[in-house]
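Participant: Here's my sequence, what's the structure:
(chains A, B and C)
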Amino acid sequence: MKQTLRDLAEKLGCRLLGDGSITITTVSSLQSATSESMVFVEDAKHLDAALSSSAAAVIAGQFAATDAKQKPILISTQPRLTFARAAKLLRDPDKIRAIHTGATVPASAKIGKNVSIGPRAILGEQVKIGDETTIGAGCVIGDNATIGIHCRIDANVTIYPGTALGDRVIVQAGAVLGSEGFGYVRDSATGRYEQFPQIGRLVIEDDVEIGANSTIDRGALDETRIRRGTKIDNLVHIGHNVQIGENVVIAAQTGLSGSAVVEDNVIIGGQVGIADHVRIEAGAILGAQSGIPSKKVIRGKGVVFWGTPARPIREYLRELAFLSRAAKRER
Amino acid sequence: MKQTLRDLAEKLGCRLLGDGSITITTVSSLQSATSESMVFVEDAKHLDAALSSSAAAVIAGQFAATDAKQKPILISTQPRLTFARAAKLLRDPDKIRAIHTGATVPASAKIGKNVSIGPRAILGEQVKIGDETTIGAGCVIGDNATIGIHCRIDANVTIYPGTALGDRVIVQAGAVLGSEGFGYVRDSATGRYEQFPQIGRLVIEDDVEIGANSTIDRGALDETRIRRGTKIDNLVHIGHNVQIGENVVIAAQTGLSGSAVVEDNVIIGGQVGIADHVRIEAGAILGAQSGIPSKKVIRGKGVVFWGTPARPIREYLRELAFLSRAAKRER
Amino acid sequence: MKQTLRDLAEKLGCRLLGDGSITITTVSSLQSATSESMVFVEDAKHLDAALSSSAAAVIAGQFAATDAKQKPILISTQPRLTFARAAKLLRDPDKIRAIHTGATVPASAKIGKNVSIGPRAILGEQVKIGDETTIGAGCVIGDNATIGIHCRIDANVTIYPGTALGDRVIVQAGAVLGSEGFGYVRDSATGRYEQFPQIGRLVIEDDVEIGANSTIDRGALDETRIRRGTKIDNLVHIGHNVQIGENVVIAAQTGLSGSAVVEDNVIIGGQVGIADHVRIEAGAILGAQSGIPSKKVIRGKGVVFWGTPARPIREYLRELAFLSRAAKRER
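Facilitator: Numbers count the residues shown, from 1 in each chain, chains lettered A, B, ... in the order given. This is a model prediction of the structure:
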């Protein structure tokens, strides 16, 4: 959606240096810049590269506000964030917003205004979809599920009955929300496993984003909950009864076992394994592939933990260094 | 499906203490108990909490059979198991069981009695579906696949042609059964990989349960087989020609490479990696994230193995303790 | 598709010993061989087993060309490769190739000759599908995606808008191609994460094969690219901006973070974790479960790396051996 640089500067709350009448249609990298794209730089040393790129304009920090430049500049205290927001402002609106004739929408479903439902999407009884939400082709939304406003559910997502999603939630293709957890009781007489009831629900709060083919189980008796603003990458597994706080980041292929608790602002790398009943306290950082054994508590705002079992990274690196030296010595 | 406590006691084979005329509609946790729910306790120290909860009745062990209590009690030798079975007895029956008009069912398919097939499910030629089985919306069942009685295949599952499922099998959303294995032959002249034939099949026996978005490959020339009663969590990968025994438990995100063998009653934690041609002998326990290198044999009923390469946990913990001490000493 | 052994020998470029008039219908293992199947052996010590199997004929190396044998033999310099190619020649052609009436194909789509599109597959606007390509049931192909000739896209695959696939690409069920990458900018004022633009694209070159439920993200601003002949197993995650070279092999459940580069002929085991901006140079081999920390360069054609952080396997094994000895000594 093309806009003048002046309009963008205003909406983004940036100081404009240079010609505001030029038209911007997209954001780009330096390499793929065009005469209608905008790029960004976060430090002075990359400013020249940005200015000599093909871009129409540059988003930069205060460091760029020194003298006249060969391109218009938007001055921002957070150039990368401003760039991200510019991309949103420039995004083309969806061509058509409608309920596709090939979608299955029962009379009992409550559909908001300006909702888009793709071909072959199937909504169960009593499903609620908020205003401006998009449901992709091939999605299956179970009975009594509720989805808030401005959500985007991509193609072939499955949402089990009774699952609740807040507003502005994004779920990428193939994700499964609200599946039954992995809980069994072994009959001591026969040695066979029987399913422990998995009749709770899954609640996903506002602004949560979930990657492709990730799976999140419902609670066993009560609920699994993902709090506001948490971002989850692809192929992540979240077990039953897990509680995840606000603004948590979970990279790809990480798994959280049943009843784990992750507090606010935790950062979790890829392929991390978190066992059952673990608690990760607010602000901790778990390095990729680290493992937290059952029932452990990880504590330390801003402290990086690594290894299996996870320990403070300084300690872990010291052990690795010792091991390397000692093994060589003994050879 | 509401029932009197007396009826439940009888079906569950429990001794009833107190008023059997009360009505139970569900099971619950202590926190979410209501005047129509039933809770359970496994040891004497939690009994008071259960009795003072809002629950209508309590399932407990022999320890609770001492004197008159403020709530009716069912006495069971395995309270957790009885609770799981009570949940099944109380489950509401599916509202409607029917073949949805939007499903694709060719004339050559053999469909049992009281089968439910969801909207947009697609059955291939010669598919057989047993009595009382439910096929979810959006499933794709390939030609000549067979599914037994009382199975539940959730939404958007893909079953490749020729795959055979036994009775009471549960497959959660997005799982893929019978895909082609990862086997290639490198042409030494060109350096290119060409697919080794993946024309075997996948056999899943009775009472197996498979989690959301898990993938199980067919055999290359012969078969991949998952034996009776084995339970598989979400996002698990099982390669071609793998043989898994009875009553095996495999937690989320574990992967088994081609031709691995897992014997009966093995327990495998999450994110475990089992390389090709490994044998895990009956009753062994593999800790989360452990790794078993190619062709290894893991032996030891009830022995826990951990680490990569996996070793008996005592040994592994001793090594970790030594490493921690020695690294500190040398600092 | 049945053929005489003589015809097969000619098409496979093999020397035929014995009766070429017999009919072959399939390839098989030694155990499951029948009077119409062909087996293979790669070394002299297994030749007797092959000759005494029920197979109609044997593919073997020069070692088998000594004297008259009880079965016809095809002599090949690469018996396993010849066996793989024989399987392709013997494969039955698809029964029906057609665009299913239940598929959604807009007028703007460009569909090649002899294309097969399964029931409920949905093609977006301007999608291009090359000759002889098969699109499985339930696939969702976004606007402006292009798919080359002789591709096979299995059931329930999601391909995001603008993704480009070359020729002879195979994508197994449930895979997601072109999803948005995991890139966020944290607003330092509010602590909230906002999405960094994920508006690039995904390009998959000729002869690439992708396993079930794998996910490959589009580039953030530019492209993610998988080069010719690379093979990817099930449940693999490939992040935004990743560049993968030719003839790379990536086993199941491995994950590559944003902007990682993997050069030609690399072999990557299962459950390997490759962090952002890593470079794996041509011909390196990464053992299962190894981990490569952010920005590292792994160098060494034919060298096996193992562990987290990954190091040359000799070094890693020496460290493991030292640790085991030292921990025992100190006990």
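Participant: Quick check: A:Leu323 is in a helix.
Facilitator: Yes: secondary structure of A:Leu323, determined by DSSP: H, G, I helix; E, B strand; the rest coil: located in a helix.
Participant: check contacts around it.
Facilitator: Going by CB atoms under 8 Å, 6 or more residues apart in numbering or on different chains, A:Leu323 touches B:Leu323, B:Ala327, C:Glu319, C:Phe322, C:Leu323. Using the backbone N, CA and C atoms, a C-beta is placed for each residue, glycine as well.
Participant: Can you tell me which of these lies closest to A:Ala212?
Facilitator: C:Glu319 (37.0 Å; CB to CB).
Participant: I'd assumed the closest one was in a strand, is it?
Facilitator: No: read with three-state DSSP, C:Glu319 is helix and lies in no strand.
Participant: what separates it from chain A, distance-wise?
Facilitator: The gap separating C:Glu319 from chain A is 4 Å, by CB to the nearest CB, to the nearest Å.
Participant: for the closest residue to that residue other than its chain neighbours, helix, strand, or coil?
Facilitator: In space, not counting the residues next to it along the chain, C:Glu319 is nearest to A:Ala327; the distance is 4.4 Å by CB to CB, 6 or more residues apart in numbering or on different chains. Put simply, A:Ala327 is helix when judged by three-state DSSP.
Participant: and stretch A:166-173, is it in reach of chain C?
Facilitator: Yes: legend: contact between stretch A:166-173 and chain C by CB under 8 Å from any CB of the partner chain is shown at A:Gln172, A:Ala173.
Participant: And for stretch A:202-211?
Facilitator: Yes: counting by CB under 8 Å from any CB, chain C is contacted by stretch A:202-211 at A:Asp207, A:Glu209, A:Gly211.
Participant: Next, count neighbours for A:Asp67.
Facilitator: 6 (other CB atoms under 10 Å in any protein chain shown).
Participant: Can you tell me the SS state at it?
Facilitator: A:Asp67 is classified as coil under three-state DSSP.
Participant: hmm, back to that, what is the nearest of the residues of stretch A:202-211 next to chain C to C:Cys151?
Facilitator: Scanning those for proximity to C:Cys151, where the rule is CB to CB, the winner is A:Gly211, at 24.9 Å.
Participant: doesn't C:Gln195 make contact with that closest one?
Facilitator: No: the pair A:Gly211 / C:Gln195 is not scored as a contact, 11.9 Å apart, by CB atoms under 8 Å.
Participant: Could you tell me which residues make contact with A:Lys295?
Facilitator: A:Ala275, A:Asp276, A:His277, A:Val278.
Participant: what do you get if the cut-off is 7 Å, keeping everything else the same?
Facilitator: A:His277, A:Val278 (CB atoms under 7 Å, 6 or more residues apart in numbering or on different chains).
Participant: Would you agree it falls within a helix?
Facilitator: No: applying three-state DSSP, one finds A:Lys295 to be coil, outside a helix.
Participant: quick one, what contacts the spatially most central residue of chain A?
Facilitator: What sits nearest the mean C-alpha location of chain A, by CA atoms, centre = their mean, is A:Lys231, with 2.7 Å. Listed by CB under 7 Å, 6+ apart, the contact partners of A:Lys231 are A:Glu209, A:Val249, C:Tyr184, C:Tyr193.
Participant: residues from the stretch 51-200 of chain A in reach of chain B?
Facilitator: When proximity is defined by CB under 7 Å from any CB of the partner chain, the stretch 51-200 of chain A lies next to chain B at A:104, A:120, A:122, A:138, A:140, A:156, A:158, A:174, A:176, A:179-180, A:182, A:184-185, A:187-188, A:191-197, A:199.
Participant: Narrow the residues you listed to those in helices?
Facilitator: With helices taken from DSSP state H, there is no overlap with those.
Participant: What subset of those residues is buried?
Facilitator: By neighbour count, with 16 or more other CB atoms under 10 Å in any protein chain shown, those hold A:104, A:120, A:122, A:138, A:140, A:156, A:158, A:174, A:176, A:179-180, A:182, A:184-185, A:192-197, A:199 as buried.
Participant: Show me the subset of the residues you listed that also lies near chain C.
Facilitator: Within these, those near chain C by CB under 7 Å from any CB are A:Arg120, A:Gly138, A:Asn156, A:Gly174.
Participant: With pLDDT as added columns, please give these in CSV.
Facilitator: Listed next are those as CSV, based on pLDDT from 0 to 100:
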residue, pLDDT
A:Arg120, 95
A:Gly138, 97
A:Asn156, 98
A:Gly174, 98
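Participant: can you give me how far stretch A:144-157 is from the chain middle?
Facilitator: Centre-to-centre, stretch A:144-157 and its host chain are 15 Å apart (CA atoms, centre = their mean, to the nearest Å).
Participant: Now that stretch - C-alpha only, CSV.
Facilitator: Extracted C-alpha coordinates of stretch A:144-157, given in CSV (Å, rounded to 0.1, in the frame of the first residue of the first chain):
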residue,chain,number,x,y,z
ASN,A,144,-17.2,-24.3,21.1
ALA,A,145,-13.8,-23.0,20.1
THR,A,146,-13.5,-19.2,20.3
ILE,A,147,-11.2,-17.0,18.4
GLY,A,148,-10.8,-13.2,19.0
ILE,A,149,-10.5,-10.3,16.7
HIS,A,150,-7.8,-9.6,14.1
CYS,A,151,-6.4,-13.2,14.3
ARG,A,152,-4.8,-14.9,11.4
ILE,A,153,-5.1,-18.7,11.3
ASP,A,154,-3.2,-20.1,8.3
ALA,A,155,-4.1,-23.1,6.2
ASN,A,156,-4.6,-26.6,7.5
VAL,A,157,-4.5,-25.7,11.2
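Participant: Quick one: residues in contact with that stretch.
Facilitator: Applying CB under 7 Å, 6+ apart, the external contacts of stretch A:144-157 come out as A:112, A:118, A:124, A:126-139, A:159, A:161-175, B:156, C:140, C:156, C:158.
Participant: Just confirm yes or no for stretch A:260-277 near chain C.
Facilitator: Yes: applying CB under 7 Å from any CB, one finds stretch A:260-277 touching chain C at A:Asn265, A:Gly270, A:Gln271.
Participant: So which of the residues you listed wins on neighbours?
Facilitator: Neighbour max across those (other CB under 10 Å) = A:Gln271, 31 neighbours.
Participant: circling back: return the subset of the ones next to chain C among the buried ones among the residues of the stretch 51-200 of chain A next to chain B lying in strands.
Facilitator: Residues of those located in strands (DSSP state E): none.
Participant: does A:Ile75 have beta-bridge partners, and which?
Facilitator: Under the criterion DSSP bridges, A:Ile75 forms beta bridges with A:Arg15, A:Ala60.
Participant: okay but it is in contact with A:Cys14, surely?
Facilitator: Yes: the criterion here is CB atoms under 7 Å, and A:Ile75 meets it with A:Cys14 at 5.8 Å.
Participant: residue contacts, A:Thr230?
Facilitator: Neighbour list for A:Thr230: A:Val208, A:Ile244, A:Glu246, A:Asn247, A:Val248 [criterion: CB under 7 Å, 6+ apart].
Participant: so what's the backbone phi/psi at the nearest residue to A:Arg97 once chain neighbours are set aside?
Facilitator: Nearest residue to A:Arg97 in three dimensions, chain neighbours excluded: A:Ser116, at 4.3 Å (CB to CB, 6+ apart). Main-chain torsions, A:Ser116, degrees, to the nearest 10: phi -120, psi 130.
Participant: A:Ser116 and C:Ile141: what is the separation?
Facilitator: For A:Ser116, the distance to C:Ile141 equals 18 Å [CB to CB, to the nearest Å].
Participant: do A:Met1 as well
Facilitator: From A:Met1 to C:Ile141 the distance is 25 Å (CB to CB).
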